[in-house]
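need a structure here:
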Amino acid sequence: MKVLVVGSGGREHALAWAARKSREIDELFVAPGNGGTAAIAENVPIPSDDIDALADFAAERHVDLTIVGPEAPLVEGIVDRFESVGRRCFGPRRGAARLEGSKVFAKEFMRRNGIPTADFVVFDDAGSAKAHIRSKGAPIVVKADGLAAGKGAIVARTVEEAEKAIDEIMVEKQFGPAGDKVVIEACLEGDEVSIHAVCGGGKAVLLPSSQDHKRIFDNDKGPNTGGMGAYAPVPFVRDDLRAHIFETVVMRTLRGMEAEGAPFAGVLYAGLMITSEGPRVLEYNVRFGDPETQVLVPLVKSDLVKLLYESAGGSIPEKVEFHTGRCAATVVVASGGYPGSYGKGLSVEGLEKIDDDTRVVFHAGTKKGPVGLVTSGGRVVAVTAWGNDLAGALDHAYDGVNMVKFEGAYWRKDIGKRAL
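Reported below is the predicted structural model:
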């Protein structure tokens, strides 16, 4: 089988790493890839948003399965485009990808289908939005309607913060047309959990639960990032809670999308808040999370390529196996200054010492330089480790992190602390 992974981050490196282990693989491509994927696959210099060029490449090279990492091409209809030329592509079609492409659509869909979520109101006028915020008070959550590279959701602790968010989104248009509308919703309290389900043909298989760490600084301080680390599984998400989430979130979503004429296939990612009243959906994503993918792939015992291939064909295998008793943790090493401005082209050293039987470096923002690897993004690499318990996995991951060397390297020191 020939497989193409679309994207250039740590998630895509992790998916390519898992694909490379499959007995089904003959050739593996990543477009455009990064310095890490170049070591295990053929990097193809096509941007992830150039859907026509990707479809042409898949046709020319007779690619059997394309796995799409980032959300933007899914929202723009890459799966529809591939299917139109007879190529199997893992992910939802454009109509179903609205679950991530529009916060307004997602929230109204949840309301229509009885999927538990926070109370919300939609606005297309900044003045009305601010008046609502002043009437409700803070804390309160402000979300841009469209895609905003993971930065369009602001948890405002004061009314002033919320009004500033409205100005940034709706007046200054920091996220462009994504800010034409906003969702303002109640701020929920509890523990956040990421749930991934691989879906196809109206069925789904639930992957292990995971927990991301979005804030840049320890103890969840500072601005949001793309994710500074993750671990899986989450200890308090026991079988009864998993079953409840599967029925009230995953299956209700699948049945609802089917009824609305946009059946869902691919990965359904639900960001949940586990409140005192039960799980509530914070947001949908329609692709694998980053950095959650980096801790999920070491936990999947079955052939991941076969699972995704069948999902893309409209079915789910009867049995999907996971490594029971195994825990995984990943710690992201970022460039100094991230998520604000940061330097690029910094020499990266020490990575060759890290990989072993229970630990791997997933590249996110690296590329080949004149001599060796250099930084090319804010999140540079993630060190993932796994073992029989979370404490051991975290220790092994942090031992690897300490070997990563580049100027200004920064990482959080408290990944998984709450679980321990």
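
And the strands in the stretch 251-400 of the chain, which stretches?
For the stretch 251-400 of the chain, the strands defined by DSSP state E, counting those that start in this stretch occupy 266-275, 278-285, 327-334, 359-363, 366-368, 373-375, 379-387.

Partner strands of the last one and their direction?
Same thing as strand 379-387. strand 327-334 (antiparallel), strand 359-363 (antiparallel) (DSSP bridges).

try the longest one
Listed by DSSP bridges, the sheet partners of strand 266-275 and their directions read strand 191-200 (antiparallel), strand 278-285 (antiparallel).

Next secondary structure after the longest one?
By that I understand strand 191-200. strand 203-206 (DSSP states H and E).

from the chain's centre, how far out does that following strand sit?
18 Å (Cα atoms, centre = their mean, to the nearest Å).

what mean pLDDT would you report for it?
Mean per-residue pLDDT for strand 203-206: 97.

which of the strands paired with strand 379-387 sits most buried?
The highest average neighbour count among these, using mean count of other Cβ atoms under 10 Å, belongs to strand 327-334 at a mean of 29. Quick note: C-beta positions are derived from backbone N, CA and C, even for glycine.

how long is stretch 92-107 end to end?
18 Å (Cα to Cα, to the nearest Å).

do stretch 226-245 as well
24 Å.

before we move on, the earlier item: among the strands paired with strand 266-275, which is the most enclosed?
Scoring the strands paired with strand 266-275 by mean count of other Cβ under 10 Å, the most buried comes out as strand 191-200, with a mean of 22.

can I get the strands paired with strand 379-387 in CSV with distance to residue 257 and mean pLDDT?
Formatted as CSV, the strands paired with strand 379-387 follow (distance: least, Cβ to Cβ, whole Å; pLDDT from 0 to 100):
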stretch, distance to residue 257, mean pLDDT
strand 327-334, 30, 98
strand 359-363, 31, 98
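
Phi and psi next, for residue 315.
phi -150, psi 170 (degrees, to the nearest 10).

measure it to residue 188 for me?
35 Å (Cβ to Cβ, to the nearest Å).

hang on, the earlier thing: mind putting the strands of the stretch 251-400 of the chain in JSON lines, distance to residue 198 included?
Listed next are the strands of the stretch 251-400 of the chain as JSON lines, based on distance: least, Cβ to Cβ, whole Å:
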{"stretch": "strand 266-275", "distance to residue 198": "6"}
{"stretch": "strand 278-285", "distance to residue 198": "13"}
{"stretch": "strand 327-334", "distance to residue 198": "18"}
{"stretch": "strand 359-363", "distance to residue 198": "20"}
{"stretch": "strand 366-368", "distance to residue 198": "28"}
{"stretch": "strand 373-375", "distance to residue 198": "32"}
{"stretch": "strand 379-387", "distance to residue 198": "20"}
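
To residue 218, which of those strands lies closest?
Residue 218 lies closest to strand 327-334 among the strands of the stretch 251-400 of the chain, at 12.0 Å (Cβ to Cβ).

circling back: looking at the strands paired with strand 379-387, which is nearest to residue 2?
Comparing those under Cβ to Cβ, the one sitting nearest is strand 359-363, at 22.4 Å.

Does residue 33 touch residue 8 like I think?
Yes - counting by Cβ atoms under 8 Å, residue 33 does reach residue 8; the two are 6.0 Å apart.

I'd like to know which of the strands of the stretch 251-400 of the chain is closest to residue 404.
Checking these against residue 404 by Cβ to Cβ gives strand 327-334 as the closest, at 4.9 Å.

next one: that closest one to chain centre, how far?
Going by Cα atoms, centre = their mean, where strand 327-334 is centred and where its chain is centred differ by 14 Å.

just to revisit the earlier point, wait, which of the strands of the stretch 251-400 of the chain is closest to residue 409?
Closest among the strands of the stretch 251-400 of the chain, once you apply Cβ to Cβ, is strand 327-334, at 5.4 Å.

okay, that closest one in PDB with CA atoms only?
Extracted C-alpha coordinates of strand 327-334, given in PDB (Å, rounded to 0.1, in the frame of the first residue of the first chain):
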ATOM      1  CA  CYS A 327       0.700   4.900  29.600                       C
ATOM      2  CA  ALA A 328       2.300   7.600  27.400                       C
ATOM      3  CA  ALA A 329       3.400  11.200  27.800                       C
ATOM      4  CA  THR A 330       4.800  13.800  25.500                       C
ATOM      5  CA  VAL A 331       6.600  17.100  26.300                       C
ATOM      6  CA  VAL A 332       6.900  19.800  23.700                       C
ATOM      7  CA  VAL A 333      10.100  21.800  23.400                       C
ATOM      8  CA  ALA A 334       9.400  25.200  22.000                       C
END
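
Adding mean pLDDT and distance to residue 239, write the strands paired with strand 266-275 out as JSON lines.
Shown next, in JSON lines, are the strands paired with strand 266-275 (pLDDT from 0 to 100; distance: least, Cβ to Cβ, whole Å):
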{"stretch": "strand 191-200", "mean pLDDT": "97", "distance to residue 239": "14"}
{"stretch": "strand 278-285", "mean pLDDT": "97", "distance to residue 239": "14"}
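
Present the ones you listed as a markdown table; the columns should include distance to residue 319.
Shown next, in a markdown table, are the strands paired with strand 266-275 (distance: least, Cβ to Cβ, whole Å):
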| stretch | distance to residue 319 |
| --- | --- |
| strand 191-200 | 13 |
| strand 278-285 | 26 |
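
Of those, give the one that comes closest to residue 302.
The nearest among the strands paired with strand 266-275, by Cβ to Cβ, is strand 191-200 at 10.5 Å.

I'd guessed residue 267 sits against residue 287; true?
Yes - look at residue 267 against residue 287 with Cβ under 8 Å: they come within range, at 5.7 Å.
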